[in-house]
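Engineer: Predicted coordinates and the sequence they were generated for:
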Amino acid sequence: MQNRWIKKILSLFTYEPVRRKTFSLSPSRTKGQNAILLRRTKPSKTQNLSPLPISRDEFQEFLGRKFCSRQNPDFIIRSLQTSWGQITIAFYRSLTDANKIQEFLIGPLVEFLPPTGRPLCLNDLQDHLTYCHIVNAAFSCEDTVQSIIRGMTFVHIDGFEWGLALDFQGDRGREVSEPHTETVVQGPYDGFTEDVSTNLYLLRSRLATPDFIAEDIPVGLRASGAFYLLYINGLTNPKLIREMRLRLESVDVDMLYNVGQLEQFIEDRPFSLFSQMITTERPDRTLSFLLQGSVAVLLHGSPQALVAPVTLWSQVHSPEDIYYRWPISTFARFIRIIGTLITIFLPALYTAMVVFHPEMLPTDLMLSLAAAREHVPFSTAFSLLFLEVAFDFIRESALRVPKIIGPTVGIVGAIIIGQAVVEAGIVSPVVIIVSALTGIAGFSIPHYSLVNSLRIVRLILLFLASVLGFYGVLLGLVVLVHHLSGLKSLGVPFLSPFSPLHGPSGDTFVRTAAFSVERRPFYTRPLDKFKQRPLNRPWDPRVPPELLLITKDVSSPAKGDKQA
Amino acid sequence: MRQSSQEGHLGGIEAFVLVSMFIAVKLFLHIPRELSWAAGTASWMVPLIALVGVVPVFLCIERLANRFGRASLLSIAGLLWGRYVQWFLGLLLTVMLVIHTAYQMRIFAEFTITTLLPNTPISVVIISIALLGLFLAFNGLENLSRSAWLLFPLAITVFILSLFLAGSQGHIYYLSPWLGYGGIAIIETGFRFVGLFKEIMILMLIAPLFRNQKTFRQVGVASLLFTGLIFTLVQIVLHLNFDFPGAREIGFPLYQLARLINLQFVVQRVEPFMVFAWSTVTAVGLAVGLYASAIAATQGSRAPDFRPFLIPLTLLTVVVAFFPESSIEAVHTYTYLMMLLPILFYGLPVITWIWVMIFHRSSEELK
Amino acid sequence: MRTISLCLISLLLILVTSGCSSGRELERTAFVLTMGIDKGVNGNLDLIFRVAIPRSMDIRAGGETSTLQETTKIITVNARSISEGISLASTNVERKLDFRHLRTVLFGEELARDELLYHQLDALERNPEFRRTTYLLLTEGPAREVFLSTRPVLERSVARYIDGIMQNMREQGFGTPVTLHEFVTAMETYHLDPVLPMVKNNPMVQSEKVDSKVKPMPEVKYKRREAGKTEPGGKTTESLPRSGGNPSEFIGLGIFHQGKLIDKWSGWETNSYNLLRDTYQRSMWTFDDPSGHFVYSMELERARSPEANIDWEGGTPHIAIQLSLDGDLRSVQSLEPYVDSQGIALLENHAATLIEKEVRRLIAKAQEKKIDPFFLSRFVRMHMATIQDLEDLNWRDEFSRAQVDVHVSVKIRRPGLRIQPSKEYEYQRAP
């Protein structure tokens, strides 16, 4: 035991040649070594597969054993006797649509006439089952089991060593509905659902390009779905795709329930307070990130997409910023930045100012603050902490209680606690104002996980301020900035384009007019740098004609005139 | 020798801010008072004259770096004189940098205690700033330079604003008599104070981190000019507000200047904000000091990574910071160091350059 | 990871439990808003602290308190130095005395006359709680008397009372606000004598004070007291004839030389001082009408900073001072139609001559005492090259011998809302 401690202390002073180079998108960095994948499940291609049983009884016995059909009434094995052979159909009742099976599988099978003169082959049957679009052949037991657990209906014919897996999946889960966390006033009202194919539909129905790739990557041992790695071929930097694929393939777990869980496996700095990726449930937002050169991950069963790389600033952006005209969204962003600053610093600054540096306040204000504190027994920092905790209670309870009485909790919290706490002389009214302002300002940030991170930062700063005053706040600020500037989101510095400095993109703090933002952000290093034509307003009389000549953008109205 | 493989490259503007902050730390301590003491009303000319003295030294560093493909100066020394000389020089630089950083840390702590936290023990301030410096330096210079660049707008805005507010209530006639103690005396004082910019030597250690020679040269020149400008500006504003007999006796000149500002708005006084400016600069500057001492040790001993050196050197720095018995003693020793250290920091590159000019022929030239 | 967090947590605990915090909650602090220093018995000091009562500023309890006396309390301590006085005062105050909101320090006249004032400044400069922007005032008579008698007309907040008074000083020119910083700088500057604005107790108002309230005296009594005052208010150092209002008057200057109060100047002289020292902002000037009867008034602002040309020919320096003022006409009592190009020029010249006379009289007064509180030496030092020259200059002697020429230019820019004065056209002035 002692030995270990000494070793640990000594290890502080010794050199250990570990830590390979962190991944970075910068072209000046050399490529990191490839990690060796150690998966519990090897890709099944090289495995020796056991062939399908040929006879009907053997097959049924195999399935019954594998799926424990006796204890598992959900699993159906059905035998059919047709004119041309004995057919076994196996499926999960819960995953399939019985009507479809009856109508589109059993009907055609019964009516099927085997070719005369030669034995029945796989293609004959596949060609005949015209009502189903996914008809896969299976030759091994493993394939059979895989297809059944994924919700396919399996057809086996007595005497043949192959089977067919058909897609008769039933209900696709819930309907597409409005997003719950990222609501907007203007903009589309559809959000992702739990079903990944619906989500892909939402994306593909907007982005009409064959380059939009949804690559599937096998997920954990016991999960049914897959990751879909989304990117745009020819736009997204291949280095990025490669890195993301590597990270996804390295994940080998039983099951992932949500992309939020996946994020913890693949983010660059898992011990940071800040989330370095964005989860969004809006297809339009996902697409806008894809078109900026980021990649996204969809997971079956998760109504959110995971987007990376992103910057801190995009966590402060709201999806509807791009739908409004530029003055409005710039102002909104400005307000949000102030809100962010207030929610981080206000309690700490207030404490530092009142407890350590009362000379900063105007004398009369200081005296009335002092008067308000006359009958308060607790210190300023403690009052703020108390209110912060109370505020969190209200928030938590409002989340947990049924929707119908949710507002009641808010009212009870706000009025009863706020009012009574002051009346009882536990905190001073000014502290209530500070605390409420802090809380409200926090909610101006659209990204929910950022709000939660900042809450912790705020408490740390409050603590520092109560011990060391402004000096403490400053220490906290420097640490915070240093931490943020060291973070990377999939190899992209988290604070780009400010640090490292790169020319303004027109879409960071200030959002300039939509037509003036011609380039994609540089930090994702997209292959295609421009997202629009340099000149989108050739008809505008304010556009100098020289520009038209330089860009060789002879505008269509002019052309039209000539023809006329 | 290649620097640690983990270190990224430094961007131009980030490196400029970093080096400037490293140089400017002393500005927030007692140095403006020393300048006023030495040069009276003409103290604002001293940084400019010192600048004239420093630029040739920087050119030596730049030429050397150019000649050896931006190798660190210690590696060049190793190439010229063997590894034992390299080791010795590395040790010497490390010791000097540790002492220098420690004294800065001590005076900073004295300052904080005198002004902001009168009842806090000095150990709390010293240890907290040392931990902060360690944290900042530990992630390497790339990250540190980015943080410095992010903090720079805040610091410079507060700084310029308070200088402007303080300067606007000053009087021009306090700047006269124009030549202080006389022309010759000023030039002599100016060259005595070349140590104002001695921190530029960090460039000879971190040269390998630059992408190209042009950035390296620009960073050096720009940070020298910028800090020279800032020093001059501070002296001017100081003398606009304090006549020279008073200016040489004020405790912490910049703080006192900020305290003269009285706003009638919501925030009545601004000097705690001013503290933001100087503390960020000091925190970054001390971190660079710690990093520089560690990197000098690394390069002197040809180790591959600076990190293992960092923690023991920080400990040493804290220990040295407790050496002086009083604030006055620390201040005196620091001023003395400022006169003494340039002999090493400037002498080393100049001697190396002369040696290279006279004796060294690269293999290509020999052919 | 666990090791690091353990280390951090223990460090934080050390921070919290060591009780090293310099912070102090507001309700555990007693803020001293103004302070007075008097010469006490056996060379000690009498220190007067005015401590704010925060409860009286509570908005929810508003309306109950209305006077300064109810929002503050006065404590007087006898001690050898300011620092000692502070520590002695805390033997009876239950909160820590805090000077970070100190607005002004009042010095008693006796202290200033006995060369003790300068010796008190070091305590104010050295302690970081005192700010160099604190205003300094000199009282006529003991400072404690002013503390006891002062009754702001409207304000109940000391901070705003002092700020308002200082603002009025700047705008009316009967005083000049001097901060600790300015006073100390003036003290340290070569060839400059510092000044302090004065506070006086008006004996007439003082006699009206009944139980901490000022009750204006009856008309007959007022007429009687008023009789015998011939000079206009502010011309001499005597207090104004008035009734009601604040017993304290902020008018005039105290002039220091060699650490000692050597002279007191009146309100009018302060105006001239401001012009020369370049602390003038604006002021109301009232002159006898050129026609002989009545007076006219104009409000003059500083147009340009004063310029001086110093000629050293023939042993005696010739100082030519150029002052420029411009402003508005405020009243023409005589109803003479001055508002045309000739009339205005007449008024301007007339006013300029009178101001010149006033300024020259003040300079002569300073020359007589061999002092230069106007900092006229700044015009000399602007032409100097080295500090040695400055130290060698024997300015006060030179100045006392100097021939001073003052030239004032007055420009009336606006006549106000009326062009020529109104008059009854059939009116015939009695011959």
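Structural biologist: Ah, there it is.

Engineer: Output the set of residues of the stretch 301-450 of chain A in proximity to chain C.
Structural biologist: With the criterion set to C-beta under 8 Å from any C-beta of the partner chain, the stretch 301-450 of chain A comes near chain C through A:354-356, A:358-359, A:362-364, A:366-374, A:376, A:379-380. Placement of C-beta: from N, CA and C, glycine included.

Engineer: Where does residue C:183 sit, in terms of helix or strand?
Structural biologist: In the assignment (DSSP states H and E), residue C:183 maps to helix C:180-188.

Engineer: Give me the contacts around that helix.
Structural biologist: B:241-243, B:245-246, B:260, C:105, C:118, C:121, C:124-125, C:130-136, C:192-196, C:256, C:375 (C-beta atoms under 8 Å, 6 or more residues apart in numbering or on different chains).

Engineer: In PDB, list the C-alpha atoms belonging to it.
Structural biologist: This file holds the C-alpha atoms of helix C:180-188, laid out as PDB (Å, rounded to 0.1, in the frame of the first residue of the first chain):
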ATOM      1  CA  LEU C 180      -6.700  64.200  -1.400                       C
ATOM      2  CA  HIS C 181      -4.800  63.300  -4.600                       C
ATOM      3  CA  GLU C 182      -4.900  66.900  -5.800                       C
ATOM      4  CA  PHE C 183      -3.900  68.300  -2.500                       C
ATOM      5  CA  VAL C 184      -1.000  65.900  -2.100                       C
ATOM      6  CA  THR C 185       0.200  66.400  -5.700                       C
ATOM      7  CA  ALA C 186       0.000  70.100  -5.200                       C
ATOM      8  CA  MET C 187       2.000  69.700  -2.000                       C
ATOM      9  CA  GLU C 188       4.700  67.700  -3.800                       C
END
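
Engineer: now what about the helix or strand just after it, what contacts it?
Structural biologist: Going down the chain from helix C:180-188, the next helix or strand is strand C:195-201, by DSSP H and E. Applying C-beta under 8 Å, 6+ apart, the external contacts of strand C:195-201 come out as C:106-107, C:112, C:136-141, C:145-146, C:149, C:169, C:175-178, C:183, C:186, C:239, C:247-256, C:264, C:270, C:273, C:373.

Engineer: For the chain, give me the ranges with low pLDDT.
Structural biologist: In the absence of a named chain, chain A is used. Counting by pLDDT under 70, chain A contains low-confidence ranges at A:1-2, A:8-22, A:27-48, A:171-172, A:220-224, A:504-506, A:551-564.

Engineer: my bad, chain B
Structural biologist: Along chain B, the parts satisfying pLDDT under 70 run over B:1-7, B:264-267, B:362-367.

Engineer: all strands of it, in order?
Structural biologist: For chain B, strands defined by DSSP state E do not occur.

Engineer: Then the stretch 301-431 of chain C?
Structural biologist: C:318-332, C:403-414 (DSSP state E, counting those that start in this stretch).

Engineer: In JSON lines, list those along with mean neighbour count, distance to residue B:338 and mean pLDDT.
Structural biologist: Putting those into JSON lines (neighbours: other C-beta atoms under 10 Å in any protein chain shown; distance: least, C-beta to C-beta, whole Å; pLDDT from 0 to 100) gives the following:
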{"stretch": "strand C:318-332", "mean neighbour count": "19", "distance to residue B:338": "44", "mean pLDDT": "91"}
{"stretch": "strand C:403-414", "mean neighbour count": "17", "distance to residue B:338": "48", "mean pLDDT": "91"}
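
Engineer: The helix holding residue C:183: how far from the chain's middle?
Structural biologist: 14 Å (C-alpha atoms, centre = their mean, to the nearest Å).

Engineer: Name the single longest helix found in chain A.
Structural biologist: In chain A, ranked by residue count with DSSP state H as the criterion, the top helix is helix A:448-486.

Engineer: what's near enough to touch residue C:173?
Structural biologist: C:270-271, C:274, C:280-284 are the contacts of residue C:173 under C-beta under 8 Å, 6+ apart.

Engineer: near chain B, from those?
Structural biologist: Counting by C-beta under 8 Å from any C-beta, no member of the contacts of residue C:173 reaches chain B.

Engineer: Ranking by neighbours, what's the top pick from those?
Structural biologist: Among the contacts of residue C:173, the one with the most neighbours (other C-beta atoms under 10 Å in any protein chain shown) is residue C:270, at 28 neighbours.

Engineer: Spatially nearest residue to that residue (excluding sequence neighbours)?
Structural biologist: residue C:253 (5.0 Å; C-beta to C-beta, 6 or more residues apart in numbering or on different chains).

Engineer: and chain B, which residues reach chain C?
Structural biologist: B:40-41, B:114-121, B:124, B:127, B:131, B:171, B:173-174, B:176-183, B:241-246, B:256, B:259-260, B:262, B:264, B:269.

Engineer: Show the buried residues in the residues you listed.
Structural biologist: Among the residues of chain B next to chain C, those classed as buried by 16 or more other C-beta atoms under 10 Å in any protein chain shown are B:40-41, B:115-117, B:120, B:124, B:127, B:131, B:173-174, B:176-177, B:179-182, B:241-244, B:246, B:256, B:259-260, B:269.

Engineer: Out of those, list just those in helices.
Structural biologist: B:115, B:124, B:127, B:131, B:241, B:244, B:246, B:256, B:259.

Engineer: now, among the residues you listed, which is nearest to chain C?
Structural biologist: Nearest to chain C, judged by C-beta to the nearest C-beta, of those is residue B:246 at 4.4 Å.

Engineer: before we move on, back to that, near chain A, which of the buried ones among the residues of chain B next to chain C show up?
Structural biologist: B:116-117, B:120, B:124, B:269.

Engineer: any chance of those residues in CSV, plus distance to residue B:222?
Structural biologist: Shown next, in CSV, are those (distance: C-beta to C-beta, whole Å):
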residue, distance to residue B:222
B:116, 32
B:117, 35
B:120, 37
B:124, 37
B:269, 33
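
Engineer: Quick check: the farthest pair among the residues you listed?
Structural biologist: Greatest spatial distance among those (C-beta to C-beta): B:124 and B:269, at 24.1 Å.
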